[in-house]
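Chemist: Predicted model and sequence follow; I will ask about them next.
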Amino acid sequence: MANNIECPAKWHVNKMAGIDWYHGFKKRHSDELSIRTPEACSIARAMAFNKQNVDNYFDKLQEVLCRHECFRDGSRVYNLDETSTSTVQNSRKLISPKGCKQVHQVKTAERGISVTTSVIIGAHGTVLPPVMIFPRKVFKSNMIINAYPGTLGLANEKGYNTKETFIDIMNHFIKCTNSSQDNPTLLLLDNVDTHFSTVVLDLAKDNGVTIFTFPPHCTHKLQPLDVGFFGPFKSYYDKAIHSFILSNPGVSITIYHLAGFVRDALCKAAMPSTIINSFQKTGICPYNRDIFQECDFIMATVTHQPNPADPPQVEENNIPQDDNAHTHNNDNVSDNFVTPESLKGLPHAKPTNPTRKPRRKGKCMVATDTPEKVVISQREKQVKEKKEKAEERKRKRTKAKENEEKGKQKKVNKKKKNTIARTIVFETTDEENEDSDLDDPPEEVENVTANAKILLPSEGDYVLVNFKIGKDGKHYVGKIIQEKDEDDDLQISYMRRVLDSNPPQFVMPNIPDLNSVRFSDIIAILPKPSYPKKATRRQQSVISFDFNFSTVNLC
C-alpha cells in the first residue's frame, strides 16, 4: 500500500494478504524459495558470532599460521572435538503408505547410553584414530571390539571428557602425529575448561604442539568438525545402527557394539574431500578471512546488547538510518520503493542490567603461549584453593555435628543410667519394722537404688530379688506373674542365668520355678528385656537386660 500498488479490498479490511497470494507468490518464485527446517541456534551463539570476534579470531589465526611453514600449507593442522555416540539412533525419514497416521521404528530404548567419542581430523584430508570414553569405572578391552584401527579406549564414571582423561587424549594425539619440537603441529580446540590444565599445556609445549582455541560459542561457524564432518558422520552412524537392528531382530544394542558403528561411520564420512572442504568452508586452510559475508552477522546485529552506561549510543542504534545499512542494493528496485525493513526495521535486544557478577568469558587464544599458561595456572590455583576451603568448612561442620551428637548421647546415657534401676518404696508400719528380721540393705543395693525412679512392681515386670543367704546374700532374676496379696507376697517365676554369659543372659526353665516372695525382698524393677534380632526360635527365648549386675551377687 505504501508503494501505491493495487491490491484487493479484502487486504485493506484484514490488514494482511490472503492465502491465495501466498500460494501464488510461492509458485512464482519456486526456483528461488524452498521450505526448510531451520537449525536451532542459541542466543549465546547468535550474540557471539559477530564481526568483531571473527576479525579478532582471524588476526590471531594468521599470526599462528605464520609461525611454521607446515602450518601455512595445512600439512600439520588438526582439529579435535568430542561428540556423543549413543546406543539409540535418531529417527530418519522413510517411505510409508498415504493415510498411515503412525509410523514406528524399533529402538533399543527410549533413552540410550552415551559414549563420548573424540574425533581428530587434519587439514590435509586425513583422520586420526578416535578416542572413546565409556561410562564405566574400569576400561576393558572388549569395549572396543571391531573398533577403528588404533582407537584409544578410556573409561570414567560418567563417560564425559575430563581434565584427567584429556591427558591421555593428548598423549594419543602426540603419538599418532609424531609431534616433536622438530616436527610441530597445530591443534585447534574449542573453549572447554576440560581441555586446559597445566599438565596438558606443559605436555603439549614440550612435544611441539601449539594449541589454538576458537572464540566461545562460535564453533558452529568456525570449527571444521562442526561445519562439515559431524553431519555426515552422525548420518552414517544412525544408518549403521539401523542396519544392525534390521539384521539382528530382538538384539539390544549395548556399549560393546558402539565401537563397530563408529568405525563404519568414520570409514564412510572421513573422505579426503569432505575433510578438506570442512577446513576450506571455515577459512582456515587455505587461509581466507573474508569467507563470511555481512549477511552472516545479521543475527549478531539483532541480538546486540547496547551498553547500559552509554544511553546516547542506544538511541543512535535505534534510528532508521542504522537499519538501512542491512538492506541490499537491487538495481531492479526504485530508489523510492518502500521495503518492509524500512517501515518496521529489524528488532533490537533491550539493554540489560545484570544484578549479579557475570561469569568469566572465554576468548580466542594460543593456550600454549607463556602468558596464557600463567593465567590458566593461576586460575587452577584459585579453583584448588577454593575447593580446599570448601572441604575445610565441610570438615568443621561435620566435626561440630559429631561433637554435638556425642554431647547428646552422653546426656541420654546419663539419664538412662539414672532411670535404669527403678526401686521400690516400702510402706511399712513401726510394728512391722519391729517384727521384721531384715537387716539394713547391703551397700551394693544402696548403689543400685540411688537416684532411681520410684515405682511399684506390677504383673509382667522383671524384678531383682534378694535372698538372705550368707553375708552378702544372693540375687535372682524373676518375672512377676501375680501381684502382691493381703500378706504382701508376690508370685514370681524365676529365671536361670546362661552359663558363662557376659553380659548376663537369662532363660526360662522348661519346668517353671514358681515361688512366693516378700514384697520387701524385691530390690529393683529391671528395664524391658531385649531379644536377639536374628536368631533361631530357641535362641529367641534368651533375653538380656540393660542393667549393671556387677554390684550384686547374681546367681
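Modeler: Structure's in. What do you need?
Chemist: The spatially most central residue of the chain - nearest residue in space that isn't next to it in sequence?
Modeler: Residue closest to the average C-alpha location in the chain (C-alpha atoms, centre = their mean): residue 158, at 8.0 Å. The shortest distance from residue 158 to any non-neighbouring residue, by C-beta to C-beta, 6 or more residues apart in numbering, is to residue 135 (5.9 Å). (Each C-beta comes from the backbone N, C-alpha and C, glycine too.)
Chemist: Quick check: that neighbour touching residue 113?
Modeler: Yes: between residue 135 and residue 113 there is a contact at 6.4 Å, judged by C-beta atoms under 8 Å.
Chemist: what is in contact with the two at once?
Modeler: The contact sets of residue 135 and residue 113 overlap at 159, 255 (C-beta atoms under 8 Å, 6 or more residues apart in numbering).
Chemist: returning to what we had before: separation between the residue nearest to residue 158 and residue 203?
Modeler: Noted for residue 135: a distance of 26 Å to residue 203, by C-beta to C-beta, to the nearest Å.
Chemist: Equivalent analysis for residue 64, please.
Modeler: Using C-beta to C-beta, residue 64 is found at 19 Å from residue 203.
Chemist: Then residue 166?
Modeler: As judged by C-beta to C-beta, residue 166 and residue 203 stand 10 Å apart.
Chemist: Of those two, give the one with the bigger neighbour count.
Modeler: Counted by other C-beta atoms under 10 Å, residue 166 and residue 203 do not tie: residue 166 has more neighbours, with 25 against 17.
Chemist: Verify the stated contact: residue 253 with residue 87.
Modeler: Yes: in this structure, residue 253 is within contact of residue 87 by C-beta under 8 Å, at 4.6 Å.
Chemist: Report the mean per-residue pLDDT for the longest helix along the chain.
Modeler: Longest helix of the chain, by residue count under DSSP state H: helix 370-419. Here helix 370-419 scores 81 as its mean pLDDT.
Chemist: which helices and strands does it pack with?
Modeler: The contact analysis (3 or more C-beta pairs under 8 Å, 6 or more residues apart in numbering; DSSP states H and E) places helix 370-419 against helix 198-206.
Chemist: tell me the angle the helix it packs on makes with helix 370-419.
Modeler: Helix 198-206 runs at 160 degrees relative to helix 370-419, counting by axes from the mean of the first three to the mean of the last three C-alpha atoms, to 10 degrees.
Chemist: What is the next helix or strand after helix 198-206 packed up against?
Modeler: Where DSSP states H and E defines the elements, the next helix or strand beyond helix 198-206 is strand 209-213. Secondary structure elements in contact with strand 209-213, counted by 3+ C-beta pairs under 8 Å, 6+ apart, are helix 51-65, helix 163-177, strand 185-189, helix 198-206.
Chemist: mind exporting strand 209-213 as PDB, just the C-alpha atoms?
Modeler: Output in PDB follows, covering the C-alpha atoms of strand 209-213 (Å, rounded to 0.1, in the frame of the first residue of the first chain):
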ATOM      1  CA  VAL A 209      52.000 -28.900  19.900                       C
ATOM      2  CA  THR A 210      50.600 -25.400  19.600                       C
ATOM      3  CA  ILE A 211      47.000 -25.300  21.000                       C
ATOM      4  CA  PHE A 212      44.800 -22.600  19.400                       C
ATOM      5  CA  THR A 213      41.200 -22.100  20.600                       C
END
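Chemist: pLDDT on that strand, on average?
Modeler: 95.
Chemist: Contacts for the very next helix or strand once past that strand next, please.
Modeler: Per DSSP H and E, the first helix or strand lying C-terminal to strand 209-213 is helix 219-222. Residues external to helix 219-222 that are found in contact with it (C-beta under 8 Å, 6+ apart): 41, 45, 49, 54, 57, 81, 190, 214-215, 226-227, 282, 292, 296.
Chemist: Can you verify residue 153 is assigned to a strand?
Modeler: Yes: assessed by DSSP: H, G, I helix; E, B strand; the rest coil, residue 153 belongs to a strand.
Chemist: low-scoring stretches of the stretch 401-550 of the chain, by residue?
Modeler: 412-455 (pLDDT under 70).
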